[in-house]
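In: what follows is a predicted protein model with its sequence.
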Amino acid sequence: MEVYNNYIKNKERIREEAIRYQCGYGEFRDASYSWAEIHEWQCYFEKMGRRYGLLTEFRENGIC
């Protein structure tokens with residue numbers, strides 16, 4: 001049961017990270033980030049999206 005609770009907590013944490021990433025995208029876009037850094041974020045959210053069943057949601061919301 002504890003493993004399931006950790007899974008749910010981590011899923012919610014990743015979802016919140018994605019929301020913060022998306023909300024901060026305007027600020028993110030105005031800063032001088034390299035394409036490599038943007039790619040790293042995209043890979044991170046794709047990996048976490050697959051792990052926690054959020055990939056479809058992330059794609060629908062333009063995260064991945």
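Out: Nice, thanks for sending it over.

In: can you tell me how far residue 42 sits from residue 62?
Out: 11 Å (CB to CB, to the nearest Å). Any C-beta I mention is one placed from the backbone N, CA and C, and that applies to glycine too.

In: neighbour count winner among the two?
Out: Legend: neighbour count by other CB atoms under 10 Å for residue 42 and residue 62, higher for residue 42 (14 against 8).

In: in which helix or strand does that one reside?
Out: Per DSSP states H and E, residue 42 falls inside helix 35-51.

In: packing partners of that helix?
Out: Helix 35-51 makes packing contacts with helix 2-23, helix 55-60 when contacts are defined by 3 or more CB pairs under 8 Å, 6 or more residues apart in numbering; DSSP states H and E.

In: so what's the residue count around residue 5?
Out: Neighbours of residue 5 using other CB under 10 Å come to 9.
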